[in-house]
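J.: Sequence first, predicted model second:
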Amino acid sequence: MPRVVIVGGGISGLSLAYQLERRSPETEVLVLERAAHLGGTIGTQRQDGFQIETGPNGFLDNKPFALSLCRDLGLGERLITASEAARRNRYLFLGDRLRLLPNSLASFLTGDVFCWRSRFLLLAERFRPRRMQTDDESIDAFVRRRVGREVAETLADAFVTGIHAGDPTLLSVQAAFPRLVELERDYGSVLRGMSATAKQRRREAAARGEAPPPAGRMWSFREGLSLLIETLRARLRFAPLTGVAVRTVRRLANDAWRVQSEGRDGWDAETVVLTCPAYEQARMLADEDGELATVLDGIAYNRLAVIALGYRAADVPTPLDGFGYLSPQRLRRDVLGAQWCSSIFPDRAPPGLVLLRAMCGGWNRPEMVDWDDDRLLNAVRGEMRHSMGIQTAPVFHRIVRWRKAIPQYHLGHRQRVEWMERRLDRHAGLLLGGNAFYGVALNDCIERADILAERIARGLERSSRR
Ligand SMILES: Cc1cc2nc3c(=O)[nH]c(=O)nc-3n(C[C@H](O)[C@H](O)[C@H](O)COP(=O)(O)OP(=O)(O)OC[C@H]3O[C@@H](n4cnc5c(N)ncnc54)[C@H](O)[C@@H]3O)c2cc1C
């Protein structure tokens with residue numbers, strides 16, 4: 001029986017194992033995970049009647065991969081979608097108050113977040129010439145060029161904060177928001193492209209006799225995202241091994257690969273896929289290919305602290321009628337944003353109480369992650385007072401620190417990934433996966449795992465015919 005070893009038991013590794021087992025039932029697929037539990041960044045914890053996500057809060061349906069994996073696993077009936085208010089209302093903490101973020105062109109033009117000049121620049125975006133150069137550009141530079149400084153510094157910064165908690169002047173638009181680049185390239189304008197593709201989707205839905213597709217929504221389960229991890233684990237034919245810290249991955253004389261753990265255990269396999277973070281992949285490959293390891297190690301990670309807070313609903317004067325708020329990172333505030341978890345999904349807090357989740361740190365405030373609990377909690381309480389008028393202490397809190405949280409796709413990222421793909425041609429049977437290359441959202445990780453599963457299954461089929 002051929003063997004495939006997957007290093008890392010996060011969503012990338014587990015969904016890859018699941019897809020590979022389905023495509024290639026004759027193969028032994030072994031997942032090795034360093035932690036005592038599976039899921040990587042995904043984790044649902046319960047305490048005092050609160051249900052807290054320590055990492056991702058849910059996934060979006062702007063891409064189909066996470067939803068279709070859940071349905072495939074038989075979890076379709078257990079999926080829940082974010083409340084309508086959470087879908088419609090997101091706030092920006094700017095100028096000492098919460099302002100409703102525009103969610104359509106009309107609300108952009110009539111809202112009070114942007115000055116008249118920015119509103120005019122947005123309308124004129126359709127007529128701005130497309131960029132002819134094909135070299136990389138930062139997200140900030142892209143948005144500044146298309147719609148001006150104010151939108152770049154508020155709207156683009158807030159989106160980047162919400163997804164990457166990174167610096168828009170450093171992040172690559174090609175790697176982090178490839179769709180924006182494609183819309184400009186294909187339609188000459190982002191707005192024109194968005195309205196053309198929306199029209200196309202409506203036409204396709206009408207042709208199928210369906211209602212127009214709703215705009216992007218967030219999904220999870222009543223039991224939290226860990227349900228996806230538990231179900232994946234239960235469905236794998238070969239139980240993943242936890243508590244296995246992989247140290248090296250070396251090519252053997254017979255062209256197989258040996259995966260060696262920190263202990264004395266070693267596994268030989270025809271194919272090895274690394275889905276752990278890039279800096280771990282670098283460490284494992286340092287002896288095998290120093291140059292590849294150096295490029296992998298160059299992928300930066302930000303730091304994040306997630307502070308879950310439970311309050312009595314009566315102590316929160318701001319109506320929690322939305323997803324939460326974001327604060328542009330350039331302002332260097334103590335809190336990057338707060339999600340109103342109990343307004344997004346049901347059953348996140350006991351009756352009469354609410355659950356919020358504040359994010360601290362990010363690319364521009366990494367030191368905050370090292371603050372002790374009291375200092376961090378005080379800072380967050382100060383921000384909750386300032387932004388939402390909450391004067392009282394939380395009745396519950398929990399702090400989770402991610403010292404290497406989300407990979408940052410800095411300028412030139414796509415070119416570096418292309419280089420790595422070419423470099424892997426020298427290492428038949430070795431593949432790199434995980435969230436460090438083609439997208440950080442759960443959808444991206446699952447899509448990438450699908451692509452790798454297909455590639456490996458085809459390779460195994462070819463070698464079985466030989
Ligand atoms: C705070 C936070 C909030 C987020 N919110 C969202 C969200 O709302 N929606 C969304 O779509 N995405 C969100 N993301 C991003 C998303 O959660 C991640 O990109 C995704 O979960 C990464 O999955 P992965 O399997 O690629 O990596 P990981 O989850 O990092 O898994 C890698 C695994 O490799 C293991 N490992 C490491 N070293 C070794 C070793 N030496 N040997 C063996 N195993 C090893 C690790 O223990 C880990 O389990 C969020 C991320 C964070 C940090």
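T.: Nice, I can see it.
J.: which ones are touching the residue nearest to Glu270 when sequence neighbours are not counted?
T.: In space, and not counting its chain neighbours, Glu270 is closest to Pro2: 5.0 Å by CB to CB, 6 or more residues apart in numbering. C-beta here means a position set from N, CA and C on the backbone, and glycine is covered the same way. Counting by CB atoms under 8 Å, 6 or more residues apart in numbering, Pro2 touches 26-28, 270-271, 460, 463-464.
J.: who wins for most neighbours among these?
T.: Highest neighbour count within those, by other CB atoms under 10 Å: Thr271, with 24 neighbours.
J.: which residues sit in contact with it?
T.: Shown in contact with Thr271 (CB under 8 Å, 6+ apart): 2-5, 257, 429-431, 456, 459-460.
J.: Could you report the neighbour count for Pro350?
T.: Pro350 has 16 neighbouring residues, counting by other CB under 10 Å.
J.: Give the rounded mean pLDDT of stretch 64-84.
T.: Summarised as a single mean, pLDDT over stretch 64-84 is 97.
J.: Let's see that stretch as PDB, backbone CA atoms only.
T.: What follows is stretch 64-84, C-alpha atoms only, in PDB (Å, rounded to 0.1, in the frame of the first residue of the first chain):
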ATOM      1  CA  PRO A  64     -17.900  27.300  -2.400                       C
ATOM      2  CA  PHE A  65     -15.200  25.100  -0.900                       C
ATOM      3  CA  ALA A  66     -15.800  25.200   2.900                       C
ATOM      4  CA  LEU A  67     -19.600  24.800   2.400                       C
ATOM      5  CA  SER A  68     -19.300  22.000   0.000                       C
ATOM      6  CA  LEU A  69     -16.800  20.100   2.300                       C
ATOM      7  CA  CYS A  70     -19.300  20.500   5.200                       C
ATOM      8  CA  ARG A  71     -22.200  19.200   3.000                       C
ATOM      9  CA  ASP A  72     -20.000  16.400   1.800                       C
ATOM     10  CA  LEU A  73     -19.300  15.300   5.400                       C
ATOM     11  CA  GLY A  74     -23.000  15.200   6.100                       C
ATOM     12  CA  LEU A  75     -23.000  18.400   8.100                       C
ATOM     13  CA  GLY A  76     -25.300  20.300   5.800                       C
ATOM     14  CA  GLU A  77     -28.200  20.200   8.300                       C
ATOM     15  CA  ARG A  78     -26.100  21.500  11.100                       C
ATOM     16  CA  LEU A  79     -24.800  24.600   9.400                       C
ATOM     17  CA  ILE A  80     -25.900  27.900  10.600                       C
ATOM     18  CA  THR A  81     -25.600  31.300   8.900                       C
ATOM     19  CA  ALA A  82     -24.800  34.700  10.500                       C
ATOM     20  CA  SER A  83     -27.700  36.800  11.400                       C
ATOM     21  CA  GLU A  84     -29.100  39.300   8.900                       C
END
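J.: ok now it, how far from the chain's centre?
T.: Chain-centre distance of stretch 64-84: 17 Å, with CA atoms, centre = their mean, to the nearest Å.
J.: ok, back up a step: nearest to the ligand, of the contacts of Thr271?
T.: Val5 (10.4 Å; CB to the nearest ligand atom).
J.: The ligand contacts on this protein?
T.: Taking CB under 6 Å from any ligand atom as the measure of proximity, the chain contacts the ligand at 7-13, 32-35, 40-42, 55-59, 244-246, 275-277, 280, 304, 306, 402, 405-406, 434-435, 440-442, 445.
J.: Quick check: phi and psi at the nearest residue to Gly324 once chain neighbours are set aside.
T.: Counting by CB to CB, 6+ apart, Gly324 lies nearest to Gln339, which is 4.0 Å off, once chain neighbours are set aside. Main-chain dihedrals, Gln339, degrees, to the nearest 10: phi -90, psi 140.
J.: Repeat that for Trp257.
T.: When read as degrees, to the nearest 10, the backbone of Trp257 gives phi -110, psi 140.
J.: one step back: give the bridge partners for the residue nearest to Gly324, please.
T.: For Gln339, the beta-bridge assignment (DSSP bridges) gives partners Gly324, Arg357.
J.: these two touch, right, it and Arg357?
T.: Yes. Between Gln339 and Arg357 a contact is recorded at 4.5 Å, counting by CB atoms under 8 Å.
J.: and for these two, which residues touch both?
T.: 57, 324.
J.: hey, C-alpha coordinates of the longest helix belonging to the chain in PDB?
T.: For the chain, the helix with the greatest residue count under DSSP state H is helix 442-465. The C-alpha trace of helix 442-465 is given here as PDB (Å, rounded to 0.1, in the frame of the first residue of the first chain):
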ATOM      1  CA  LEU A 442     -10.600  28.600   5.500                       C
ATOM      2  CA  ASN A 443     -12.100  28.400   1.900                       C
ATOM      3  CA  ASP A 444      -8.600  29.000   0.500                       C
ATOM      4  CA  CYS A 445      -7.000  26.300   2.700                       C
ATOM      5  CA  ILE A 446      -9.700  23.800   1.700                       C
ATOM      6  CA  GLU A 447      -9.500  24.700  -2.000                       C
ATOM      7  CA  ARG A 448      -5.700  24.200  -1.900                       C
ATOM      8  CA  ALA A 449      -6.100  20.900  -0.100                       C
ATOM      9  CA  ASP A 450      -8.500  19.800  -2.900                       C
ATOM     10  CA  ILE A 451      -6.000  20.700  -5.600                       C
ATOM     11  CA  LEU A 452      -3.200  18.900  -3.800                       C
ATOM     12  CA  ALA A 453      -5.300  15.800  -3.300                       C
ATOM     13  CA  GLU A 454      -6.200  15.700  -7.000                       C
ATOM     14  CA  ARG A 455      -2.500  16.100  -7.900                       C
ATOM     15  CA  ILE A 456      -1.300  13.300  -5.500                       C
ATOM     16  CA  ALA A 457      -4.100  10.900  -6.500                       C
ATOM     17  CA  ARG A 458      -3.200  11.300 -10.200                       C
ATOM     18  CA  GLY A 459       0.500  10.800  -9.400                       C
ATOM     19  CA  LEU A 460      -0.300   7.600  -7.400                       C
ATOM     20  CA  GLU A 461      -2.500   6.300 -10.200                       C
ATOM     21  CA  ARG A 462       0.300   6.900 -12.800                       C
ATOM     22  CA  SER A 463       2.900   5.100 -10.600                       C
ATOM     23  CA  SER A 464       0.500   2.100  -9.900                       C
ATOM     24  CA  ARG A 465       0.200   1.600 -13.700                       C
END
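J.: closest point of the stretch 251-400 of the chain to the ligand, which residue?
T.: Counting by CB to the nearest ligand atom, the stretch 251-400 of the chain gets nearest the ligand through Cys276, at 3.5 Å.
J.: phi, psi of that residue?
T.: phi -80, psi 170.
J.: Would you agree Arg398 is in contact with Asp48?
T.: No. Using CB under 8 Å as the test, Arg398 is too far from Asp48 to be in contact (9.6 Å).
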